[in-house]
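[1] okay, predicted coordinates and the sequence, questions at the end:
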Amino acid sequence: MAEKLLGSIEAGGTKFVCGVGTDDLTIVNRVSFPTTTPAETMKLVIDYFKQFDLKAIGVGSFGPIDIHQDSATYGFITTTPKLAWENFDFIGALKKYFDIPIAWTTDVNAAAYGEYVAGSAQGLASCVYYTIGTGIGGGAIQEGQFIEGFSHPEMGHMIVKKHPKDTFVGNCPFHQDCLEGMAAGPAIEKRAGQKGQELPADHVAWAMEAYYIAQAVYNTTLLLSPDVMILGGGVMQQPQLLPKIRFEFEKMLKNYVKTPLLEEYIVTPKLGNDAGTIGCLALARKTAI
Ligand code: ADP
Ligand code: ZN
């Protein structure tokens, strides 16, 4: 009999990436669907997975989400600004068709887990992963466990100090000038009047971007002292950013603590765009045991 497969769902605000893989975390097949309404998108997801013989599914979802197993709304997307998905029973919708173990966490936790088991944090005890894209999110892992309490972390909404030359007011719908409001892709675009992809490498926007992301790295370093800080998401595809972030971080830290070598401490995801899928597969594998 053929080996049963693991399923992976990266549920993002613009697209859902679904895939299947094997126990050694090899991705066998992967597809992408636009995020529209739960009825439309989930039908595509369910029809996709019906083609395979699955033993477990790992889901990394945009949020906020309810992660408490004993809560009446466990497995729901909760207070998301994407109104069609507010209070959507994600795990319930899957369980109707797939009576198998389903792991449930945030999209950024899933990517962090991928890097932890098979990427930049492989072999280390802990890591923090930030994604800097349409939004900013962060997740932390310690000895294979996500750090969480009453809910999952929302590191993207930390308060940051304004860059002295920055006149942009910020665009987080909740806090205006939090980290996400100042440094996510849409903030770069609103401030400069052009998408990040189109800005020259020496544009002042990148100095500001590095200043904000370095503050996230600084705060996280002092809060958690992780073994490695992994920075992913579309914005980090700008190669000039990483050295600028390390430089700003060093300036802020003033040698207060001795971190690992910065070239090894502040890094981009080794798995690149596969971090989320591999993380979801690994979470599925863990829940299947
Ligand atoms: P999402 O967060 O929607 O999953 P991305 O991580 O690609 O997707 O983030 C999209 C945001 O990142 C957009 O605001 C886009 O302008 C910005 N972005 C994507 N690629 C780049 C790039 N190469 N350089 C700068 N900004 C980018
Ligand atoms: Zn915010």
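    Cool, the structure landed. Numbers count the residues shown, from 1 in each chain. Ligands and ions are numbered 1, 2, ... in the order given.
[2] and for Arg30, the neighbour number?
    15 (other C-beta atoms under 10 Å). (C-beta placed from N, C-alpha, C; glycine too.)
[3] which phi and psi values does it adopt?
    Note on Arg30: backbone dihedrals following degrees, to the nearest 10 are phi -150, psi 140.
[4] show me the contacts for it.
    Val17, Cys18, Gly19, Val20, Thr277 (C-beta atoms under 8 Å, 6 or more residues apart in numbering).
[5] do the same with Gly279
    Per C-beta under 8 Å, 6+ apart, neighbours of Gly279: Gly58, Gly60, Asn109, Ala110, Ala111, Ala112, Tyr113, Gly114, Glu115, Tyr116, Val117.
[6] got a markdown table for those residues, with distance to ligand 2 too?
    As requested, the contacts of Gly279 are exported to a markdown table (distance: C-beta to the ion, whole Å):
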| residue | distance to ligand 2 |
| --- | --- |
| Gly58 | 27 |
| Gly60 | 20 |
| Asn109 | 18 |
| Ala110 | 21 |
| Ala111 | 20 |
| Ala112 | 20 |
| Tyr113 | 24 |
| Gly114 | 25 |
| Glu115 | 24 |
| Tyr116 | 26 |
| Val117 | 30 |
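[7] quick check: of those, which lies closest to Gly144?
    Of all the contacts of Gly279, Tyr116 has the smallest distance to Gly144: 7.2 Å, by C-beta to C-beta.
[8] and the gap between the closest one and Asp202?
    35 Å (C-beta to C-beta, to the nearest Å).
[9] Thr79 too?
    40 Å.
[10] same thing with Val59?
    In terms of C-beta to C-beta, Val59 sits 41 Å off from Asp202.
[11] quick one, strands of the stretch 151-289 of the chain?
    Using DSSP state E, counting those that start in this stretch, the strands of the stretch 151-289 of the chain run over 229-232, 266-267.
[12] can you tell me which of those strands is most buried?
    strand 229-232 (a mean of 26; mean count of other C-beta atoms under 10 Å).
[13] same for it, what does it pack against?
    helix 107-118, strand 126-132, helix 204-224, strand 266-267 (3 or more C-beta pairs under 8 Å, 6 or more residues apart in numbering; DSSP states H and E).
[14] go with 10 Å
    On a contact count with 3 or more C-beta pairs under 10 Å, 6 or more residues apart in numbering; DSSP states H and E, strand 229-232 meets helix 107-118, strand 126-132, strand 136-142, helix 204-224, helix 241-253, helix 262-265, strand 266-267, helix 275-288.
[15] can you pull the contacts of Ala284?
    5-9, 20-21, 23, 25, 54-59, 100-103 (C-beta atoms under 10 Å, 6 or more residues apart in numbering).
[16] swap the cut-off to 6 Å and go again
    Contact analysis of Ala284 by C-beta atoms under 6 Å, 6 or more residues apart in numbering lists Leu6, Ala56, Ile57, Gly58, Ala103.
[17] out of the residues you listed, the closest to Asp70 would be?
    The closest of the contacts of Ala284, once distances to Asp70 are taken by C-beta to C-beta, is Ala103, at 16.5 Å.
[18] roughly how far is the helix or strand encompassing that closest one from the heart of the chain?
    Following DSSP states H and E, one finds Ala103 within strand 102-106. Taking C-alpha atoms, centre = their mean, to the nearest Å, the mean C-alpha location of strand 102-106 is offset from the chain mean by 13 Å.
[19] dump it to CSV, restricted to CA.
    Only the C-alpha atoms of strand 102-106 are listed here, as CSV (Å, rounded to 0.1, in the frame of the first residue of the first chain):
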residue,chain,number,x,y,z
ILE,A,102,-5.1,18.6,12.1
ALA,A,103,-2.4,20.9,13.5
TRP,A,104,-3.4,24.6,13.8
THR,A,105,-1.2,27.6,14.2
THR,A,106,-0.4,31.0,12.7
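[20] tell me the mean pLDDT for that strand?
    Here strand 102-106 scores 98 as its mean pLDDT.
[21] do that strand and ligand 1 come into contact?
    No: in terms of C-beta under 6 Å from any ligand atom, no part of strand 102-106 sits within range of ligand 1; the closest distance is 12.8 Å.
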